[in-house]
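**Q** Starting from these lines, generate the structure:
(2 chains)
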Protein chains: 2
Amino acid sequence: MKILIVGLGVIGASFAKGLKEANYNEVYGLDICKDTLDKAKKMGIIKEGFMNSEDILKESDLVILAIYPKLVLKFIRENINNFKSGTVITDVTGIKEMLMDDILKILPNNIDFVFGHPMAGREKKGIDFSSNEVFKGANYIITPTKINKEENIKLIEKLAKELGFKKIRRITPSYHDKMIAFTSQLPHALAVALINSDEEGRDTGSFIGDSYRDLTRIANINEELWSELFLGNKENLLQTIINFEKELDLIKYAIMNEEREALINLFEKSSERREKL
Amino acid sequence: MKILIVGLGVIGASFAKGLKEANYNEVYGLDICKDTLDKAKKMGIIKEGFMNSEDILKESDLVILAIYPKLVLKFIRENINNFKSGTVITDVTGIKEMLMDDILKILPNNIDFVFGHPMAGREKKGIDFSSNEVFKGANYIITPTKINKEENIKLIEKLAKELGFKKIRRITPSYHDKMIAFTSQLPHALAVALINSDEEGRDTGSFIGDSYRDLTRIANINEELWSELFLGNKENLLQTIINFEKELDLIKYAIMNEEREALINLFEKSSERREKL
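**A** Predicted coordinates:
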């Protein structure tokens, strides 16, 4: 099976590393940056690198799109006639409903796109920060379409398992986007708002413990990617922010009114939920 | 130098472990729980355990109070006549201004209380979760009073260094409480509100990545301790919540109005701040 990874950024190159570890040796890379391709080849994680999609796409049995959400649609559109008949495509995009609607409108019948979301990432961009270690034990979500062939979904599930992912779940795109708004996008919004709410010019670094460090780690954020993800999941994300604000208000009013019992109840609820996780 | 640790919970026992590693061997423990004292002695981290404060306090040169904020005042009040003249007391309390005001009113002249805040902790309670590893590289804050003797402040600073703390800073109690509201209490409030805002009964665990895990770790919270800390720093904490809400609103409105540039600016600001940390 010839596998083509499109985009050897932090995620694409992590896939390449994982595939190498799982003994796939027909893995190719497509990227707009020659240095990245050279580096990947030198690292031994791709057999060959390409800057032009046409020839390699015609030979690829599986295409893994590890590019920004908006580029996924663009790539499919521009290469609509370059795919091998029967090829399987998968992606790594963190939002699904809107993207899938757009792609399914233009996708030819002889190509099967199995939409996926490996729930593992890094704050940093680029091949230099790639590592398949982040996949190990992580969650993988597949959002099947009505036209996906079962064997192709199973192929992606097998691959995810081989890369070290632990829980591999099939859900609808709308449920995916609703859950991800809460478990991934809301935490990023909170981390950004937290660090941005610091007063300018203080020596905050001398007064932090692990909690501040943990809660702001993801405030170092790929601004191009995450602005796309936030806006591509607008209604769901706004709803989680509103739900969050209600809970923060409960804490705020308990402090304001010095209601110790109310605070204790909120803390007991959160502790119980965290223990369960 | 005879050292008495009052309270062999997660923090007190971590101090005992750290002191042992730093080759202090005249370390004693005072606790209300006999099992805890037995355990500490068996672990070799205290020379002897006491359930009655009177005798051991009369011999102690340094007393480390590792008990809940409200108990600190109570302990001083109840033992006002038991301390050795010239003894040095220190504490580990996460709020300072109110506590110091209360204690300085009743503290005899021949006792020197050097107020401290080791900025390292754990979510779990009790001696079984103690570990001096959390101290290594962490921040330590001292909030000197006008009547502290320089030599005694230096003693606590030396001790903190020996325990592995890295940055040891002297600041005013009011600045301490203001900073801690932001770097420690606000993150805890956000973590609690985040996990409490999850919809009941969903299989959230299958859809999380590192971000949700990181941001909710401290939602598992000692409810007795943290309700005291929150209410003991009411005004500062409310102000940080308000500042945070303003920043979250900026994100919310940018999403609502689909202002991609505004989002990118907020993300660039947060990334820059996080990089600096």
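
**Q** residue boundaries of the strands in chain A?
**A** Assigned by DSSP state E, chain A shows strands spanning A:3-6, A:27-30, A:48-50, A:62-65, A:88-91, A:112-114, A:116-119, A:139-142, A:167-170.

**Q** and the last one, what does it pack onto?
**A** Read it as strand A:167-170. Strand A:167-170 makes packing contacts with strand A:139-142, helix A:150-162 when contacts are defined by 3 or more Cβ pairs under 8 Å, 6 or more residues apart in numbering or on different chains; DSSP states H and E. Yep, even glycine has a C-beta here, placed from its N, CA and C like the rest.

**Q** wait, does the longest one contact chain B?
**A** It refers to helix A:150-162. No: using Cβ under 8 Å from any Cβ of the partner chain, helix A:150-162 never reaches chain B; the gap is at least 13.3 Å.

**Q** To A:Lys252, which of the strands of chain A lies closest?
**A** With Cβ to Cβ as the criterion, A:Lys252 lies closest to strand A:116-119 of these, at 31.2 Å.

**Q** Residues touching that closest one, excluding its own?
**A** Strand A:116-119 has contacts (Cβ atoms under 8 Å, 6 or more residues apart in numbering or on different chains) with A:11, A:90-94, A:96, A:135, A:138-143, A:156, A:160, A:163, A:165, A:176, A:180, A:184, B:207-209.

**Q** hang on, the earlier thing: most tightly surrounded among the helices and strands packed on strand A:167-170?
**A** Neighbour counts (mean count of other Cβ atoms under 10 Å in any protein chain shown) averaged over each of these peak at strand A:139-142, with a mean of 22.

**Q** Pull up the pairing partners for that one, direction included.
**A** Using DSSP bridges, the strands paired with strand A:139-142 in its sheet are strand A:116-119 (antiparallel), strand A:167-170 (parallel).

**Q** Looking at these, which is nearest to A:Glu228?
**A** Short answer: strand A:116-119, nearest of the strands paired with strand A:139-142 by Cβ to Cβ, at 14.3 Å.

**Q** pLDDT score assigned to A:Lys154?
**A** You'll see A:Lys154 listed with a pLDDT of 97.

**Q** residues near whichever residue of the stretch 1-150 of chain A sits closest to chain B, how many?
**A** Taking Cβ to the nearest Cβ, chain B has its nearest neighbour within the stretch 1-150 of chain A at A:Met119, 4.2 Å off. When neighbours are counted by other Cβ atoms under 10 Å in any protein chain shown, A:Met119 registers 25.

**Q** Chain B contacts on the stretch 1-150 of chain A?
**A** Counting by Cβ under 8 Å from any Cβ, the stretch 1-150 of chain A comes close to chain B at A:Met119, A:Ala120, A:Gly121, A:Val134, A:Ala138, A:Asn139, A:Ile141.

**Q** who are the neighbours in contact with the second one?
**A** In this case it means A:Ala120. Each residue near A:Ala120 by Cβ under 8 Å, 6+ apart is listed here: A:Ser14, A:Val134, A:Phe135, A:Ala138, A:Asn139, A:Phe165, B:Gly209, B:Asp210.

**Q** quick one on the thing from earlier: filter the contacts of strand A:116-119 down to just the buried residues.
**A** A:11, A:90-94, A:96, A:135, A:138-143, A:156, A:160, A:163, A:165, A:176, A:180, A:184, B:207-209 (16 or more other Cβ atoms under 10 Å in any protein chain shown).

**Q** Let's see the pLDDT reported for A:Leu163.
**A** On pLDDT, A:Leu163 comes in at 97.

**Q** swap in A:Leu277?
**A** We have a pLDDT of 86 for A:Leu277.

**Q** and what of A:Glu123?
**A** Looking at A:Glu123, its pLDDT reads 73.

**Q** what's the distance between it and B:Val72?
**A** Per Cβ to Cβ, to the nearest Å, A:Glu123 is found 39 Å from B:Val72.

**Q** For the residue nearest to A:Tyr212 when sequence neighbours are not counted, grab the count of nearby residues.
**A** What sits nearest to A:Tyr212 in space, not counting adjacent residues and going by Cβ to Cβ, 6 or more residues apart in numbering or on different chains, is B:Thr183, at 4.5 Å. Neighbours of B:Thr183 under the rule other Cβ under 10 Å: 26.

**Q** How much space separates B:Thr183 from A:Leu163?
**A** In terms of Cβ to Cβ, B:Thr183 sits 37 Å off from A:Leu163.

**Q** can you check A:Glu59 too?
**A** Using Cβ to Cβ, A:Glu59 is found at 23 Å from A:Leu163.

**Q** what sits against A:Ile76?
**A** With Cβ under 8 Å, 6+ apart, A:Ile76 has these contacts: A:Ile89, A:Ile103, A:Ile106, A:Leu107, A:Phe113.

**Q** Show me what the first one is bridged to.
**A** In this structure, A:Ile89 has beta-bridge partners A:Val63, A:Phe113, where bridges are defined by DSSP bridges.

**Q** just checking, it touches A:Asn110?
**A** No: with contacts counted by Cβ atoms under 8 Å, A:Ile89 stays clear of A:Asn110, the gap being 11.6 Å.

**Q** and B:Lys246, which of the strands of chain A is closest to it?
**A** Checking the strands of chain A against B:Lys246 by Cβ to Cβ gives strand A:116-119 as the closest, at 30.5 Å.

**Q** Give me the number of neighbouring residues for A:Asn81.
**A** Per other Cβ under 10 Å, the neighbour tally for A:Asn81 reads 9.

**Q** Mind pulling the model confidence for it?
**A** We have a pLDDT of 93 for A:Asn81.
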